[in-house]
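J.: next one to model:
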Amino acid sequence: MTTRDVNQALLTASASLLLIVDMQEKLLPAIQDTDALRGRVARFAQAARLLSVPVWATEHWPQKIGPTHTDLAPHIDRVVAKTHFNACREAVFLRQWPAGRTRVLLTGTEAHICVLQTGLGLAQAGYEPVLVTDGIGSRHPSDRAAACERWRRYGLETVTSEMALYEWLETPAHPAFRDVLALVK
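T.: You can find the predicted model right below:
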């Protein structure tokens, strides 16, 4: 690891964006442990917004699979409809990206399809995708595990939602600390 890598190791709220991939009403019932996953991602999104981290979501073929789940929708700043598995292949996806938001934390479904392909697409586009391992799901545990393995194979970063939140907070003196702590516990 180089000094440059160490200097950029910690996440900062000002350089981050949370991307919730395809957590749609008609898809989620097929995902393993869906209720727990949905709850974790909703709490993470709430905390991200408390820390001024933009929260975006993708919806794959929303006219067929439906909208983002109603538990998550109130915590999302922008939704991008897509037809490609890799959201970066959609012309509108990166066009309105917020300036300086280079660290993209990915959550959602399915881990081995749209989450993985979008993460690899973001890396190709010059962003730094970060996989939130407790915020992803697939229908089968083996697919989720394969997605994490492939993510690491390409040298991409992984974190848990709690790791990200405490890095964004930086200190318990942060004005949102108690509110974020309430979501973590």
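J.: what are the ranges of the strands in the chain?
T.: In the chain, the strands defined using DSSP state E lie at 16-21, 55-60, 78-82, 103-109, 128-137, 157-159.
J.: got phi/psi on residue 127?
T.: As for residue 127, its main-chain torsions (degrees, to the nearest 10) stand at phi -90, psi 170.
J.: quick one: residues contacting it.
T.: Listed by CB atoms under 8 Å, 6 or more residues apart in numbering, the contact set of residue 127 reads 102, 103, 104. Heads up, the C-betas are built off the backbone N, CA and C, glycines and all.
J.: so what's the residue count around residue 113?
T.: A total of 18 residues lie near residue 113 under the criterion other CB atoms under 10 Å.
J.: what sits closest to it if chain neighbours are left out?
T.: residue 85 (5.5 Å; CB to CB, 6 or more residues apart in numbering).
J.: the one you found is in contact with residue 115, isn't it?
T.: No: with contact defined as CB atoms under 8 Å, residue 85 does not count as touching residue 115 (9.4 Å).
J.: neighbour count for those two, which is higher?
T.: Applying other CB under 10 Å to residue 85 and residue 115 shows that residue 115 carries more neighbours, namely 31 against 17.
J.: for the more buried one, which non-adjacent residue is spatially closest?
T.: Nearest non-adjacent residue to residue 115, counting by CB to CB, 6+ apart: residue 21, 4.8 Å away.
J.: near that neighbour, how many other residues are there?
T.: Residues near residue 21, counting by other CB under 10 Å: 29.
J.: isn't it up against residue 107?
T.: Yes: between residue 21 and residue 107 there is a contact under CB under 8 Å: 6.9 Å.
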